[in-house]
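Peer 1: I would like to see how this sequence folds:
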Amino acid sequence: MKNNTTLLRVITYVVLISTTSILINDIQEFNFEQFKSFTSWSKSVNKNENWFTSKNAIMWSYYIIITALFFWRGYLIYGFTHFVSILKEIEKENYFSQKNINYFKKIGNVFITYTINVLVLQFLLSVIQGASFNFFKELKNEFTFLIPCGLAFYLLAEIFKRAKTLKEENDLTI
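Peer 2: Okay, the predicted model is just below:
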């Protein structure tokens, strides 16, 4: 069992390191130089134009959404760190601990929260860019597995909770 958890831990660290490096690379490739053009946006704004439809507001919205997408990708990486915690508990032979139950719930919560928020942000981004948004296509392309995985982790948490209760009852009987 120790060899399996060690292998799973190595795989988890490889996934964490690679996804973190991809996120850092994406952030580095993002053109932050465009923010310099916004430093004097209040001087160039047309006072008669509706602020919400102005070019500056649209550009700021674009950057806010892109920044939020970076945040949510980091949040997903944070969710994967709970796998390491689960593996540590398994190595201690605490299979049905309350910590594992909580970690499973957290992972499920991260997966579902990430999916919903990224879909909303991608919808807003498509509106800002004037592109079409196909909800089912977006859901199918990137998120098909995250919602079922999130629900599966909630289910695992409930199964482990029930197993913990049965184990505690079994430990009390002679």
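Peer 1: For the strand or helix carrying Thr113, give the mean pLDDT please.
Peer 2: Here Thr113, judged by DSSP states H and E, is contained in helix 98-129. Averaging pLDDT along helix 98-129 yields 89.
Peer 1: May I see the buried residues of that helix?
Peer 2: By neighbour count on 16 or more other C-beta atoms under 10 Å, the buried set for helix 98-129 is 100-115, 118-119, 121-122, 124-125. Where C-beta positions appear, they are placed from N, C-alpha and C, glycine not excepted.
Peer 1: Please apply the same query to stretch 64-83.
Peer 2: Neighbour counts over stretch 64-83 (16+ other C-beta under 10 Å) mark Ile65, Ile66, Ala68, Leu69, Trp72, Arg73, Leu76, Ile77, Gly79, Phe80, His82, Phe83 as buried.
Peer 1: Tell me where the model's unsure across the chain.
Peer 2: For the chain, applying pLDDT under 70 flags the ranges 1-2, 32-57, 139, 141-143, 174.
Peer 1: OK, contacts around Phe160?
Peer 2: Tyr95, Phe96, Asn100, Ile101, Phe104 (C-beta atoms under 8 Å, 6 or more residues apart in numbering).
Peer 1: switch to 6 Å and redo it
Peer 2: By C-beta atoms under 6 Å, 6 or more residues apart in numbering, the contact set of Phe160 is Phe96, Asn100, Ile101.
Peer 1: Find the nearest non-adjacent residue to the second one, please.
Peer 2: Here the nearest residue to Asn100 in space, its sequence neighbours aside, is Glu89; by C-beta to C-beta, 6 or more residues apart in numbering that works out to 5.1 Å.
Peer 1: on contacts alone, who are the packing partners of whichever helix or strand the one you found is part of?
Peer 2: Glu89 belongs to helix 55-91 when assigned by DSSP H and E. Under the contact criterion of 3 or more C-beta pairs under 6 Å, 6 or more residues apart in numbering; DSSP states H and E, helix 55-91 touches helix 2-29, helix 98-129.
Peer 1: What is the neighbour count of Met59?
Peer 2: 16 (other C-beta atoms under 10 Å).
Peer 1: With Ile17 instead?
Peer 2: 11.
Peer 1: who are the neighbours in contact with it?
Peer 2: Neighbours of Ile17 in contact, by C-beta under 6 Å, 6+ apart: none.
Peer 1: State the distance from it to Ile11.
Peer 2: 11 Å (C-beta to C-beta, to the nearest Å).
Peer 1: just Leu76 next, same as before
Peer 2: Counting by C-beta to C-beta - Leu76 and Ile11 are separated by 17 Å.
Peer 1: residues touching the residue most central in space within the chain, list them.
Peer 2: Central residue of the chain (C-alpha atoms, centre = their mean): Leu76, 2.5 Å from the mean position. Residues counted as contacts of Leu76 (C-beta under 6 Å, 6+ apart) are Tyr114.
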